[in-house]
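Q: return atomic coordinates for the entry below.
(one chain, ligands or ions: 2)
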Amino acid sequence: MPIGGEKEPPTAVEHEEATVRSTLSGREWELPGMWNRMFESRVLREHTSAGFAELDAIPGAESLEWCYGCGKCVPVCPVDLVGEYGPRKIHRKVQIGTDLLGDDDLWMCTTCGNCLRVCPKQVDMIQIMPATREVAVGRGNVPAELQVVFEKTFRYGNCLGENPRRRHAWAKGAGVPIRVLSSDPAPVDVLLYVEDYWSYHPRGQEAAQAFARVLHRLGVDWAILGAEEKTIGDSQRLAGEKGLFEALMDDVVTTLSKYDFSRIVIPDPHGFNALKHKYPEHGHHYDVAHYTQFLAPLVDEVSWVRSLDMTVTFHDPCYLGRHNGEYDAPRRVIEALPGVRLIEMSRCRENGYCCGGGGGGMWLDSFTGNHTSERLSERRVREAAATGADVLVVCCPYEVSRFEDAAKSTGNEALRVRDLAELVDEAMGGAGSV
Ligand code: SF4
Ligand code: SF4
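A: Ligands and ions are numbered 1, 2, ... in the order given. A predicted model of the protein is given here:
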C-alpha cells in the first residue's frame, strides 16, 4: 500500500477563539484558541514519503506505512512502558525524516508480537524488524554486542561461543543415563533438542539435568545429539541474520537426517517457533513439541513424592504464548504440582509482558539500557514480586538468568526464579531419588 507521490496538506484554519453551542440546551460558551484544532482538520506539516519509499523496497518492511495512527499499539508495547517506543511512534519518526536503517530504534523491538495482536492495520513488526535489520546488517550497521553474538554463532554453532565438544557436558551431572545418538544411533522416540542455554549456562544446565531425570522417571525412550547439535538460531534471524539462520538450518537438517526419531521435544520457545513455522517454509517438517506441551498430557500419571508448598506466579514466553498460542500447557503442569498455588500477574497470557530477550534483545541489554529507564526483565520481576509469590516460574531457557539478575538488581532477592522442569523434578523426588 505505497503512498503515491507527495500529499498536499490542507490549509490550516486557526481561530483566536471558538463559540460552541449545545445541541440540547442551546447554551453557548467560548473556548480559547488552544482548543480550536479540535474543530478543524489536523495538519501534518512535516510529512514526507521518502522514508517509507526506502522501507517499501525491503520485502517484509512494507507494512509500517499502513499505520493510521490509532495508537492501540503503544500502551501494549513492553518497550514503551520503560521508554518511548511502539510502531505508531516509529511510523511518525519515519514520517518526519528519521532513517530507520541508521537509527537506534531499529534494535529496540523484541518482536514480542503484542502490537500486532491489537493493530487494526496489521502493521507487522515481526516482519518489519528482521527485514530492515537484515539490510542494516548488510551495511555493517549493527550494535557491537550483537555482532559479537553473530560471530560466535557462526564460528561455534552456539551464541555463547562455547566449545561445541562440551555441548553435552551437562549430562554428566544429571544422575541418570543419557543416550547420545552419535554413539548409539538406534531409532528413538523422543529427540531432546537441548539448545544453547540449557547446554552451557550453569542455571540452564540445572534445568536440563532436572528434565533428564523427569524423562527417565517417566520411562521415555529419548536421546540427544550431543556435540552434533547446533543452535537453531531463530533469535539471530529476528535480529537480522537470516543468512546465518539458513546456514544453520542446512546443518541442523543434515544432522537430523542421519537419525530415526519420532518427534522433537525442545525447551526453547524460539527454536520451537522456527521448527514449527520457519523450517516447513523450506520443506523441512518435524513433529515438534515444547517441553511443557510434552509434559502436560503426562502429569496425571505421575506419582508425586513431595509437596512443594509454595505460591508461584508464571511468566508466559512470547514465543510460546503469543506466537504459538500455547498458554495452557505450562499452567496445566504447574497446577498438577502438589502443594503449589498459582497467582497470575495482571499482564499474562495474550497480554503477557516480554522479558526483553526475544528478537536479539537477549544480547542487547547494554545497548537498550541507553534508551530505557529500566530493563524489561526488571520491570517484569517487580510485577512478579508484587503478586506476593515465592517463586517466579519460567519455561524459556533465556529467562532464568535474565530474571535472576533482575531480581538482584531490583532488590527482590526473596523472589526465587525456577524453571518449570526443576519444579517437576523436585516434586518427583529431585536428584537424590533417581
Ligand atoms: S495499532 Fe497499528 S494502526 Fe494503530 S497506531 Fe499502532 S501501528 Fe498504527
Ligand atoms: S513487537 Fe513488541 S516490542 Fe516490538 S514494537 Fe511491537 S509491542 Fe513493542
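Q: the residue of the stretch 151-300 of the chain found nearest ligand 2: what's it in contact with?
A: Closest contact between the stretch 151-300 of the chain and ligand 2, by CB to the nearest ligand atom, is at L238 (10.0 Å). Heads up, the C-betas are built off the backbone N, CA and C, glycines and all. With contacts defined as CB atoms under 8 Å, 6 or more residues apart in numbering, L238 is in contact with 111, 126, 129-130, 358-360.
Q: quick one: contacts of stretch 128-143?
A: Contacts with stretch 128-143, where a contact means CB under 8 Å, 6+ apart, come from 55, 58-61, 63-64, 100-102, 106-107, 109, 111, 150, 237-242, 359-360, 364, 367.
Q: if I look at Y398, how far off is V82?
A: Y398 sits 18 Å away from V82, taking CB to CB, to the nearest Å as the criterion.
Q: which of these two has more neighbours?
A: Under the criterion of other CB atoms under 10 Å, the comparison of Y398 against V82 puts Y398 first, with 26 against 18.
Q: does the more buried one touch M362 like I think?
A: Yes. Here Y398 lies in contact with M362, judged by CB atoms under 8 Å, at a distance of 5.4 Å.
Q: roughly how far apart are W363 and H284?
A: According to CB to CB, W363 stands 26 Å off from H284.
Q: of those two, which one has the most company?
A: W363 (21 against 15).
Q: which parts of the stretch 101-250 of the chain sit against ligand 2?
A: Counting by CB under 6 Å from any ligand atom, the residues of the stretch 101-250 of the chain lying close to ligand 2 are 109-115, 125.
Q: A helix includes E350, no?
A: Yes. With DSSP: H, G, I helix; E, B strand; the rest coil as the criterion, E350 is part of a helix.
Q: and the helix or strand of the chain with the lowest mean pLDDT, which residues are buried?
A: Among the helices and strands of the chain, strand 17-21 carries the lowest confidence by mean pLDDT, DSSP states H and E, at a mean of 75. When burial is assessed from 16 or more other CB atoms under 10 Å, strand 17-21 yields no buried residues.
Q: which elements pack onto it?
A: Helices and strands touching strand 17-21, by 3 or more CB pairs under 8 Å, 6 or more residues apart in numbering; DSSP states H and E, are strand 28-32.
Q: partner strands of the strand it packs on, parallel or antiparallel?
A: The strands beside strand 28-32 in its sheet (DSSP bridges) come out as strand 17-21 (antiparallel).
Q: show me what the host helix or strand of P330 is packed against.
A: Counting by DSSP states H and E, the element that carries P330 is helix 328-336. Counting contacts by 3+ CB pairs under 8 Å, 6+ apart, helix 328-336 packs against helix 291-295, strand 310-314, strand 340-342, helix 420-427.
Q: let's have the ones you listed in JSON lines, adding mean neighbour count.
A: JSON lines is the format used below for the helices and strands packed on helix 328-336 (neighbours: other CB atoms under 10 Å):
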{"stretch": "helix 291-295", "mean neighbour count": "25"}
{"stretch": "strand 310-314", "mean neighbour count": "20"}
{"stretch": "strand 340-342", "mean neighbour count": "17"}
{"stretch": "helix 420-427", "mean neighbour count": "23"}
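Q: now render those as CSV, adding distance to A207.
A: Below are the helices and strands packed on helix 328-336 laid out as CSV (distance: least, CB to CB, whole Å):
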stretch, distance to A207
helix 291-295, 10
strand 310-314, 15
strand 340-342, 17
helix 420-427, 5
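Q: how about JSON lines for the ones you listed, with mean pLDDT and distance to ligand 2 added?
A: Rendered in JSON lines, the data for the helices and strands packed on helix 328-336 read as follows (pLDDT from 0 to 100; distance: least, CB to the nearest ligand atom, whole Å):
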{"stretch": "helix 291-295", "mean pLDDT": "98", "distance to ligand 2": "22"}
{"stretch": "strand 310-314", "mean pLDDT": "98", "distance to ligand 2": "20"}
{"stretch": "strand 340-342", "mean pLDDT": "98", "distance to ligand 2": "25"}
{"stretch": "helix 420-427", "mean pLDDT": "98", "distance to ligand 2": "24"}
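Q: in CSV: those, plus distance to ligand 1.
A: Supplementary listing: the helices and strands packed on helix 328-336 in CSV, determined by distance: least, CB to the nearest ligand atom, whole Å:
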stretch, distance to ligand 1
helix 291-295, 30
strand 310-314, 27
strand 340-342, 31
helix 420-427, 33
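Q: ok, the closest residue to Y193 other than its chain neighbours to V74 distance?
A: Beyond its immediate neighbours in the sequence, the residue positioned closest to Y193 (CB to CB, 6 or more residues apart in numbering) is I266, lying 4.4 Å away. Look at I266 and V74: by CB to CB, they are 33 Å apart.
Q: how about E84?
A: Taken as CB to CB, the span from E84 to V74 is 9 Å.
Q: more neighbours: the two, which one.
A: More crowded of E84 and V74, by other CB under 10 Å: V74, with 18 against 14.
Q: for whichever strand or helix holds the more buried one, list every residue counted as buried.
A: Using DSSP H and E, the secondary-structure element containing V74 is helix 73-76. Residues of helix 73-76 classed as buried by neighbour count (16+ other CB under 10 Å): 73-74, 76.
Q: now for that helix, which elements pack on it?
A: The elements that helix 73-76 packs onto, with contact taken as 3+ CB pairs under 8 Å, 6+ apart, are helix 87-95, helix 114-118.
Q: quick one: list the elements packing against the next helix or strand after that helix.
A: Scanning forward in sequence from helix 73-76 by DSSP H and E, the next helix or strand is helix 78-81. In terms of contact count using 3+ CB pairs under 8 Å, 6+ apart, helix 78-81 is assigned the packing partners helix 376-386.
Q: same for whichever helix or strand comes after the helix it packs on, what does it pack against?
A: Downstream of helix 376-386, the first helix or strand assigned by DSSP H and E is strand 391-394. If contacts are counted by 3+ CB pairs under 8 Å, 6+ apart, strand 391-394 sits against strand 310-314, helix 399-409, strand 416-419, helix 420-427.
Q: so who does the residue sitting nearest the centre point of the chain touch?
A: Per CA atoms, centre = their mean, the C-alpha nearest to the average position across the chain is that of G358, at 3.4 Å. Contact analysis of G358 by CB under 8 Å, 6+ apart lists 110-112, 235, 238, 270, 318-319, 398.
Q: quick one: it and ligand 2, what's the gap?
A: With distances taken as CB to the nearest ligand atom, to the nearest Å, G358 is found 8 Å from ligand 2.
Q: share the number of residues neighbouring N412, please.
A: Counted with other CB under 10 Å, the neighbours of N412 add up to 19.
Q: just confirm it contacts A385, I think it does.
A: Yes. With contact defined as CB under 8 Å, N412 reaches A385; the gap is 4.3 Å.
Q: return the set of buried residues in whichever strand or helix holds A208.
A: For A208, the element it lies in under DSSP H and E is helix 202-217. Along helix 202-217, the positions that meet the burial threshold by neighbour count (16+ other CB under 10 Å) are 203-217.
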